[in-house]
Structures are given as structure tokens and as C-alpha cells.
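**Student:** coords below, sequence missing:
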DNA sequence: CTGTATCCTGAACGATACTG
DNA sequence: CAGTATCGTTCAGGATACAG
């Protein structure tokens, strides 16, 4: 449990993972999708996630440099975890936000 | 999702919740079970969790003062969330820690 | 394009002492 | 028993400049 929290540690980590759950992204795509993150923080998070075995860097040769970030299998297994986090938050913050019929509401895709 | 992370924010918050999932506890019982937390931090976490609607304080009159901390219904719903965190961490940190037959391993009780 | 280096600020933590 | 007050430390986060 502390392992998971360590892997997800940091204010923006879950958002990075959530974006990557939707598909691979390059560094600049990530930056465009998450404008709130400074270069340093984004870099830090990616390094941390790579260290935790959640994301993988694909550095493709040539010029200009292109790098794609993708979730590892372990990273994909975080999907249900984030879903659990989302579900609790949705339920806890009032049950009137419209359109839910019980328990779907797909936030991840 | 960010709501949940805000509610669980802090290094020790999940451990406090986990103890309370097992049943109500008094302040000193919590302190005894979580010796790593200073009074200040424990106090901070309980206030934060109360603010988030996760725990409830039962202040019982008389002397000496007795207070029981209990999870709200919302707090009990965090059980599956913590379970998801635990499961991922267990899976991610190597599959050789003995005795698991697939997907049980009950850490919470 | 994809990052790293540096510096600064604010928040969380931790220990100790003290109050109702 | 059940906390709050205060203070010092540590660490993540944010901005900017620079490098491969």
C-alpha cells in the first residue's frame, strides 16, 4: 500500500498516469495536455514513474529527438486503482452531478 | 479523484484510516497503534479526516475525557480503495512474497 | 524537441512543551 | 485523557535559464 502511494506520490502523478492510460504520448504532448506542470515537475514525475516501473521511455533515433512515453503492463494495472479513487471522490462530493445511473461514469476514457 | 487524494493526503493518513476500518479507537489507542506519529501529526490527520467527512468524533462527557474516533459511512467506503492500493503494491513489488494463490491476501483484517 | 540545473518559496513533518 | 502551540527541519513544487 505504501508502495503504491510511493509510486503515485506527488500532486500531479495520477494525472500523468491518467493521460497515458489513454495512449502513448510524447513529452511535448504531455506538456500540452497538462499545462499546469512546469518542465521540472513533469520531468521529475516521469523519472519517478519510470523508476517505479510504471512508465517506459521509447527514445527514437534521428533528428529532431522524439521520445514516446508509454505505460508498462504494471502501469496499465493502475487503471482500476485510479478508478477506485475517482469513484470514491465522486460519491463523497455529493451525488447530484448529473447523469449517473448508479456506478458507471467513465472518467478515464 | 483529486478529491480522494486530498482526503488521503499525508504520509500517514491511510494508516489511520486502515486502523479505524478495524473498529473505533480512542486517541490514545491510535497513538499506541501508530507510534510513529507525533501528537501534532495525529491530531492534524484526524482533523483533516473529520473535515473530509471520513471520520467522526464522539466526545463523551465526564472525567477523564473520552473520545472515540469512528469512520463515517463514507469512510467505510474507503475500504475497497485502500484494498486497491494494497493489491497494486503487492503485485508490483514482486510476486514471491509467499502464500498468495491469485488475488486474495487480506491486509485489512 | 527533450530535457537538466539552479534557486526560491511554502507546506508537511517531527519534537518538545504546555493547556482544558 | 486529549489535545494545541511553537519552532526548526526537510522536501516537493514552481519559475527561469540553459544544455544535448
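**Tutor:** Alright, I've got the coordinates. Source: prediction; values computed, not measured.

**Student:** would you mind giving the secondary structure of the nearest residue to residue A:34 once chain neighbours are set aside?
**Tutor:** Among residues not flanking residue A:34 along the chain, residue A:15 sits closest, at 6.0 Å (Cβ to Cβ, 6 or more residues apart in numbering or on different chains). Yep, even glycine has a C-beta here, placed from its N, CA and C like the rest. The three-state assignment at residue A:15 reads helix, by DSSP: H, G, I helix; E, B strand; the rest coil.

**Student:** count the neighbours of residue A:15 for me.
**Tutor:** Using other Cβ atoms under 10 Å in any protein chain shown, residue A:15 is surrounded by 19 other residues.

**Student:** can you give me the strands for chain A?
**Tutor:** For chain A, applying DSSP state E gives strands covering A:25-26, A:55-60, A:66-71.

**Student:** if we can go back for a sec, and the residue nearest to residue A:34, what pLDDT?
**Tutor:** With respect to pLDDT, residue A:15 scores 96.

**Student:** distance check, it against DNA strand C.
**Tutor:** Going from residue A:15 to DNA strand C by Cβ to the nearest atom of the strand, to the nearest Å gives 17 Å.

**Student:** between the strands of chain A, which one is nearest to residue B:28?
**Tutor:** In this view, the strands of chain A are compared for proximity to residue B:28 by Cβ to Cβ, and strand A:55-60 is the closest at 43.4 Å.

**Student:** surely residue A:88 touches residue B:77?
**Tutor:** Yes: Residue A:88 lies in contact with residue B:77 (Cβ atoms under 8 Å); the separation is 6.1 Å.

**Student:** the two: which is more packed in?
**Tutor:** Legend: neighbour count by other Cβ under 10 Å for residue A:88 and residue B:77, higher for residue A:88 (23 against 15).

**Student:** where does the more buried one land on pLDDT?
**Tutor:** 96.

**Student:** now residue A:92
**Tutor:** pLDDT, read off for residue A:92, is 90.

**Student:** also residue A:100?
**Tutor:** At residue A:100, pLDDT is 47.

**Student:** what's the answer for residue A:2, then?
**Tutor:** pLDDT at residue A:2 comes out at 84.

**Student:** report the contact partners of the closest residue to it other than its chain neighbours.
**Tutor:** Residue nearest to residue A:2 in three dimensions, not counting chain neighbours: residue B:89, with 6.9 Å by Cβ to Cβ, 6+ apart. Contacts for residue B:89 (Cβ atoms under 8 Å, 6 or more residues apart in numbering or on different chains) come out as A:1-5, A:7.

**Student:** any chance of TSV for these, columns neighbour count and distance to residue B:22?
**Tutor:** Converted to TSV, the contacts of residue B:89 look like this (neighbours: other Cβ atoms under 10 Å in any protein chain shown; distance: Cβ to Cβ, whole Å):
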residue	neighbour count	distance to residue B:22
A:1	19	15
A:2	14	18
A:3	16	21
A:4	23	20
A:5	16	19
A:7	25	25
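
**Student:** sweet, I'm off.
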